[in-house]
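Engineer: model the structure of this input:
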Amino acid sequence: MPPLEGLLVIDLSRYIAGPYCTMLMADAGATVIKVEPPQGDDTRSLEPAVVSDRGAEVSTYFLRMNRGKRSIVLDLKDGDDRDLLERLIERADILVENYAAGVFERLGFGAQRVFELNPGIVYASISGFGHSASPMRDRAAYNIVAEYEAGVFFQRDPAAAPAPLGPPVGDMFPALHALSGLLMALHRKQRTGVGGRVDIAMYDSMLSLNELRSSYAMIYGEEWDPSAHPFYSPYGVFPVKDGHVCIDVTTSGQWEGFCSAIGRPDLFRMPGMETGPQRVERFEEIIKPPLDAWLSGQTRDSAVAGLTRHRVPCAAIRASGEALTSEQATAREMRVPVRGEDGVVVTTVGNPIKVDGANGQAAAAAPELDAHRDWVLKSVLGLGVVAAGKEHG
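Structural biologist: Numbers count the residues shown, from 1 in each chain. From the prediction side, this is the model:
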């Protein structure tokens, strides 16, 4: 049995933070009803797109984030459609939205109204800076806004401009916090019968993600250098014949294994090299020359194989596409085909959450706009088929 089978989720979110959260729930067996405006979710028209056999452009952005969901169009400025949403909320277990602070309230669905309709619902709001009173609450935000405000960026050279990390962690990490909060609230509901609101700020999530660097700055009064660990060595990225590898030696056992792997077991017995900070101090003088000499004759795969034989944490540094087509990604079922309209099929990243060895995502499809309207009205709300989009039967 899929772990979330039987749960009804109303998804009013767009872009990534909300849709990724609800996608994970759909993968886990929840029935996720995606409520879209008349023109459809904004991401249905976003690049990158693929062209179907019939010449239609299909957004891979939308497909990636909305697999396994069902779509219904509701105009929340229309009284009849607001009535339909109220009926859905009355029956739902979970509601997820990522409007800017105050927008959902202005549409007539503030937290008070949601709980009037369904006291047991678990309701998640994801926004840039949260819904409680704060100086930034009313600011618009996308992932990089939350990332930069929370100090999450890449900057190896202090003289260079800060750069984003690459992956939209300002969206993805809050999505995982939202999922965690929803499941916490559901667990409490099982014991008390009372629902609750999960208030996720992308900014808060980024501060949490940045815990190591922020704590280091508070304690030591200086910024953490991501390219060189102050306590562990050897640590970082090193060149080989066909690219780069990363190495992270933390424990004494790993240090011994590293010395054996590069053919220098004498380094392990050398006085003054017993601790990480000691090795950091002497890295350039003592460790780097034999390491560079050994790596100069290695490929990524041979270096990783040699270090791994001695249980040294390491990795080949791979391009994103190479990583997704690797044997490891295949073995972990981390590629999934997603079907879209006009027969389009896109390969994308699978679900990392495995319950009893399964992730529930095989052969998923993203919904066409309003494709499940009749099903929602009849099977969920017990209404007749809508004629002309207005009569509820």
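Engineer: could you say which helix or strand holds the closest residue to Ala358 other than its chain neighbours?
Structural biologist: Leaving aside its chain neighbours, Ala358 sits nearest to Pro2 (8.0 Å; criterion: CB to CB, 6 or more residues apart in numbering). For the C-beta atoms, the positions are set from N, CA and C on the backbone; glycine is no exception. Counting by DSSP states H and E, no helix or strand carries Pro2.
Engineer: before we move on, what about Phe238?
Structural biologist: strand 235-240.
Engineer: so what strands line up beside that strand?
Structural biologist: According to DSSP bridges, strand 235-240 has the following sheet partners: strand 243-248 (antiparallel).
Engineer: distance from the chain centre to the strand it pairs with, please.
Structural biologist: 25 Å (CA atoms, centre = their mean, to the nearest Å).
Engineer: output stretch 84-92 as CSV, restricted to C-alpha atoms.
Structural biologist: Extracted C-alpha coordinates of stretch 84-92, given in CSV (Å, rounded to 0.1, in the frame of the first residue of the first chain):
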residue,chain,number,x,y,z
LEU,A,84,-16.4,24.6,-5.6
LEU,A,85,-13.1,25.3,-3.8
GLU,A,86,-14.9,25.5,-0.5
ARG,A,87,-16.5,22.1,-1.1
LEU,A,88,-13.1,20.7,-2.0
ILE,A,89,-11.6,22.1,1.2
GLU,A,90,-14.4,20.6,3.3
ARG,A,91,-13.4,17.1,2.0
ALA,A,92,-9.6,17.5,1.8
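Engineer: tell me how far that stretch lies from the chain's centre.
Structural biologist: The answer for stretch 84-92 is 28 Å, by CA atoms, centre = their mean.
Engineer: in that stretch, what counts as buried?
Structural biologist: By neighbour count on 16 or more other CB atoms under 10 Å, the buried set for stretch 84-92 is 84-89, 92.
Engineer: again, but for stretch 187-194
Structural biologist: Neighbour-count burial for stretch 187-194 [16+ other CB under 10 Å]: Lys189.
Engineer: secondary structure class for Thr347?
Structural biologist: strand (DSSP: H, G, I helix; E, B strand; the rest coil).
Engineer: please report phi then psi for the residue of the chain positioned farthest from its centre.
Structural biologist: What lies farthest from the middle of the chain is Pro271; by CA atoms, centre = their mean that is 44.9 Å. Here is the backbone geometry of Pro271 (degrees, to the nearest 10): phi -60, psi 150.
Engineer: the one 5 residues further on now?
Structural biologist: Main-chain torsions, Gly276, degrees, to the nearest 10: phi -60, psi -50.
Engineer: if I read this right, it contacts Ser233, doesn't it?
Structural biologist: Yes - using CB atoms under 8 Å, Gly276 is in contact with Ser233, at 6.1 Å.
Engineer: from the buried residues of stretch 84-92, which land in helices?
Structural biologist: 84-89 (DSSP state H).
Engineer: make JSON lines from those and add pLDDT and distance to Glu284 to it.
Structural biologist: Supplementary listing: these in JSON lines, determined by pLDDT from 0 to 100; distance: CB to CB, whole Å:
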{"residue": "Leu84", "pLDDT": "97", "distance to Glu284": "67"}
{"residue": "Leu85", "pLDDT": "98", "distance to Glu284": "63"}
{"residue": "Glu86", "pLDDT": "97", "distance to Glu284": "67"}
{"residue": "Arg87", "pLDDT": "97", "distance to Glu284": "68"}
{"residue": "Leu88", "pLDDT": "98", "distance to Glu284": "63"}
{"residue": "Ile89", "pLDDT": "98", "distance to Glu284": "62"}
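Engineer: export these to JSON lines and tack on distance to Trp255?
Structural biologist: Shown next, in JSON lines, are those (distance: CB to CB, whole Å):
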{"residue": "Leu84", "distance to Trp255": "64"}
{"residue": "Leu85", "distance to Trp255": "60"}
{"residue": "Glu86", "distance to Trp255": "63"}
{"residue": "Arg87", "distance to Trp255": "63"}
{"residue": "Leu88", "distance to Trp255": "58"}
{"residue": "Ile89", "distance to Trp255": "57"}
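Engineer: how about residues contacting the top helix by length along the chain?
Structural biologist: Secondary structure of the chain per DSSP H: the longest helix is helix 169-192. Helix 169-192 is contacted by residues 15-18, 20-21, 24-25, 93-94, 96, 120, 122, 124, 126, 142-147, 152, 194-196, 198, 200-202, 204-206, 208-209 when judged by CB atoms under 8 Å, 6 or more residues apart in numbering.
Engineer: work out which residue lies at the spatial centre of this structure.
Structural biologist: In the chain, the centroid-proximal residue (CA atoms, centre = their mean) is Met172; its distance is 2.8 Å.
Engineer: what pLDDT is listed against it?
Structural biologist: In this model, Met172 is scored at 97, pLDDT.
Engineer: what about the residue nearest to Tyr232 when sequence neighbours are not counted, how many residues nearby?
Structural biologist: Nearest residue to Tyr232, sequence neighbours excluded (CB to CB, 6+ apart): Gly276, at 4.5 Å. Per other CB atoms under 10 Å, the neighbour tally for Gly276 reads 19.
Engineer: now do the same contact list for Gly276.
Structural biologist: Taking CB under 8 Å, 6+ apart as the test, what Gly276 contacts is 229, 231-233, 249-250.
Engineer: per-residue confidence at Tyr48?
Structural biologist: Let me fix one detail, which is that residue 48 is Pro and not Tyr. For Pro48, pLDDT reads 88.
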